[in-house]
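Novice: Make a model of this:
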Amino acid sequence: MKIIVIGSGWSGCAAALSAKKAGADVVIYEKTDMVLGLGNVGGIMRNNGRYTAAEEISALGAGDLINITDSFTRHKNLDFPGHKHAWLYDVNKIEPAVRKYILSKGIKLKLISRVVDVKMEGTKIKGIYTSNGDYEEADAFVETTGSTGPMGNCIKYGNGCSMCILRCPSFGPRISISKCAGVEDLHGERLDGTYGAFSGSCKLAKDTIDKNLLHEIEEKGAVVLKVPEEDVNMDKLKAKVCQQYALKEFAQNVILLDTGHVKLMTSYYPLEKLRKIQGLENVKFIDPYSGGKGNSIRYLSIAPVSVDLKVNGIDNLFCGGEKSGLFVGHTEAICTGSLAGHNAVRCSLNIPTLTLPTNTAIGDIISYATSKIHTKEGRKNRYTFAGAEFFNRMKEKGLYSIDREEIQNRIKNTNLSNIFNKKLV
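Specialist: Predicted structure coming up:
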């Protein structure tokens, strides 16, 4: 049995691992020369309800990638505005480690291989075509292409191509595989009805930061600096993808995190204004390069899926990550990708797919987001374990916990312990 995964971000890697554990031969197609995509500029794990989800997915048997991020953690149990007990992994070290791990499991990784179309056989995908003209067939497919790009969308809905880590000009535009298969994409919206949302943070070069400030950032992990009164802009919070950061503190202050580079917790910040802040007089953006003007635009390509993450109307296509819903974050991508990869194998075996119960945080967020995206108001929200609407729901339902044993018992009580580690083929 063969499963093809399109896209190698956190979700694609998780899907490949769970499909491989279930017994399939797995091939990943990735259009760039690196795995992890936006994970190369992320860095935040285990903050707020993501701690709960990280422990749930580990108890379910798909904690491989959580273990890797844990092993590259620079700071643990940090608090910053709106967030508790965050862990920060080193974005400069994570990608080679994940790539080696994927390959060590016998997963085939095809880099610089952009999938551009599919061959259909009724309501099933038979095979995929690449931009180089290659063709490959599989029993089932998992799409984890994300929702950012191509350049035209960042120009139309943002402030232009910001030259981000995804590098569309070099490696080509994102292609919606579900749309190629005949299913129309859904789109996230902002409060004013405009499509998409700006990515939520930038990266600053450490060498361009005052050495005393840099020492404080590296020692503490998180530093909050006051924004000059004349530069406070509350309106920019409405455009952010990460609604868990759409708090007044993120407009009134510059929040800096040590993730290998220095993570600036705002979508973009005019360079001349940023350099007015003490310690940042000579600062330079390194992702996106146009961080003084804009950032990448996301949530422009979501496939309609059911709670098992199968694409509606296509018999053998599953989705994970942002492609599967209005999800925010690496933990969310790992959780949805793990389920999508596992269910792709179940689908190929003609056995019932797995739906995670809503008395788990992971099952509940998938169920909740899947229903909400079909409403006008629901498309204006984002869903994350880390804050905003869904984290409040987690707390109200008693799903939020940082007690590892309690979380493991929760999964045990569903009879799903280690389910993603069980071989099906």
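
Novice: Give me the contact list for stretch 397-413.
Specialist: Under the criterion Cβ atoms under 8 Å, 6 or more residues apart in numbering, residues 48-49, 51-52, 55-56, 59-60, 85, 359-361, 364, 391, 393-394, 417 lie in contact with stretch 397-413. Using the backbone N, CA and C atoms, a C-beta is placed for each residue, glycine as well.

Novice: tell me the mean pLDDT over it?
Specialist: The average pLDDT within stretch 397-413 is 97.

Novice: Start and end of it, how far apart?
Specialist: End-to-end distance of stretch 397-413 (Cα to Cα, to the nearest Å): 17 Å.

Novice: Name the residues of that stretch that are buried.
Specialist: Of the residues in stretch 397-413, 399-401, 407, 410-411 count as buried by neighbour count, 16 or more other Cβ atoms under 10 Å.

Novice: do the same with stretch 278-298
Specialist: Neighbour counts over stretch 278-298 (16+ other Cβ under 10 Å) mark 279-280, 283-288, 290-298 as buried.

Novice: just stretch 340-353 next, same as before
Specialist: Using 16+ other Cβ under 10 Å as the test for burial, stretch 340-353 gives 340-349, 353.

Novice: How about stretch 32-49?
Specialist: Applying a neighbour-count criterion of 16+ other Cβ under 10 Å, the buried positions in stretch 32-49 are 32, 34-49.

Novice: what's the span of it from first residue to last?
Specialist: Counting by Cα to Cα, the terminal residues of stretch 32-49 are separated by 31 Å.

Novice: Quick check: mean pLDDT of it?
Specialist: Averaged across stretch 32-49, the pLDDT comes to 97.

Novice: cool, stretch 93-109 as well?
Specialist: Stretch 93-109 carries an average pLDDT of 98.

Novice: Could you list the buried residues of it?
Specialist: Neighbour count says stretch 93-109 has 94-95, 97-99, 101-102, 107, 109 buried, by 16+ other Cβ under 10 Å.

Novice: what's the domain layout of this structure?
Specialist: Per automatic domain parsing, the structural domains of the chain span 2-193+298-421, 198-287.

Novice: looking at these, which has the lowest confidence?
Specialist: Lowest mean pLDDT of those: domain 198-287, a mean of 89.

Novice: Do you have the strands of the stretch 151-300 of the chain handy? List them.
Specialist: For the stretch 151-300 of the chain, applying DSSP state E, counting those that start in this stretch gives strands covering 197-198, 202-204, 222-226, 253-258, 262-264, 285-287, 297-298.

Novice: Off-centre distance for the last one?
Specialist: Using Cα atoms, centre = their mean, to the nearest Å, the mean C-alpha position of strand 297-298 is found 12 Å from that of the whole chain.

Novice: And for stretch 123-131?
Specialist: Relative to its parent chain, stretch 123-131 has a centroid offset of 24 Å by Cα atoms, centre = their mean.

Novice: which other residues reach it?
Specialist: 4, 6, 29, 113-120, 135-138, 141, 172, 177, 181, 313-317.

Novice: residues in contact with Asn92?
Specialist: When contacts are counted by Cβ under 8 Å, 6+ apart, Asn92 touches 260-261.

Novice: Can you report phi and psi for Tyr129?
Specialist: Dihedral pair for Tyr129: phi -110, psi 140, per degrees, to the nearest 10.

Novice: Next: Glu143.
Specialist: Torsion angles, degrees, to the nearest 10, at Glu143: phi -100, psi 120.

Novice: And for Gln408?
Specialist: The phi and psi values for Gln408, taken as degrees, to the nearest 10, are phi -60, psi -40.
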